[in-house]
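> turn this into a model:
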Amino acid sequence: MDTIEAELDDYLTRYAATLTAYDSRAAADLWGSPGMILTDRQGAGVLESREAMAAGLERSYPLYRRLGLASVGFERLGHERLSDAVFLVRVRWLFHDGDGRQMTDGFAAYVLRRGEEGFRAFVCVPADDAEKLQALAKEKGVDLFG
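Purely as a prediction, here's the structure:
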């Protein structure tokens, strides 16, 4: 593994840990500002500050808890250097229950920039999380909107 792969894996490990801990502030600190989520269906959402990112994450946590999410892991599927400091990273997120069983997964691509503080995400393109979240909720009998 080369140095950049180790740095990317460290970033993703820290990000997964913030999701496992439901630590919205720490997760938001791993983003640059503004941050953008770009999806096929909802279009583009821009979060102007880390506080807005943290608040958005906080709103999703009750659902994740009802689904039984206990830990998050990842597989880095690949990366591409776009410039000296900017990288495109493809990730498969792995979501586990309290017994360590994989509940579901999700694929996403991120545009990360490496700065003085290390890597920060500026764009996320989730590929299939909405569909997989709906399927998991249906399987578990959890109302996504209740």
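> and the helices in the chain?
3-20, 24-29, 50-67, 129-140 (DSSP state H).
> sheet partners, orientation included, of the worst-scoring helix or strand of the chain on mean pLDDT?
Lowest by mean pLDDT, DSSP states H and E among the helices and strands of the chain is strand 43-47, with a mean of 80. Sheet pairing for strand 43-47, assigned by DSSP bridges, gives strand 31-39 (antiparallel).
> just want the angle from the strand it pairs with to helix 50-67.
With axes from the mean of the first three to the mean of the last three Cα atoms, to 10 degrees defining the directions, strand 31-39 sits at 60 degrees from helix 50-67.
> what comes up buried for strand 31-39?
Within strand 31-39, the residues that qualify as buried are 31-32, 35-37, counting by 16 or more other Cβ atoms under 10 Å. Glycine gets a C-beta too; all of them are placed from N, C-alpha and C.
> just name the most buried of the helices of the chain.
Stretch with highest mean neighbour count among the helices of the chain: helix 24-29 (a mean of 18; mean count of other Cβ atoms under 10 Å).
> and the longest strand along the chain, how far out from the chain's middle?
If you go by DSSP state E, the chain has its longest strand at strand 102-115. Counting by Cα atoms, centre = their mean, to the nearest Å, strand 102-115 is centred 5 Å from the centre of its parent chain.
> mind listing what's buried in stretch 63-82?
Residues 63-64, 67-74, 79 are the ones in stretch 63-82 that count as buried (16+ other Cβ under 10 Å).
> taking these one by one, which sit in strands?
Judged by DSSP E, the buried residues of stretch 63-82 include 71-74, 79 as members of strands.
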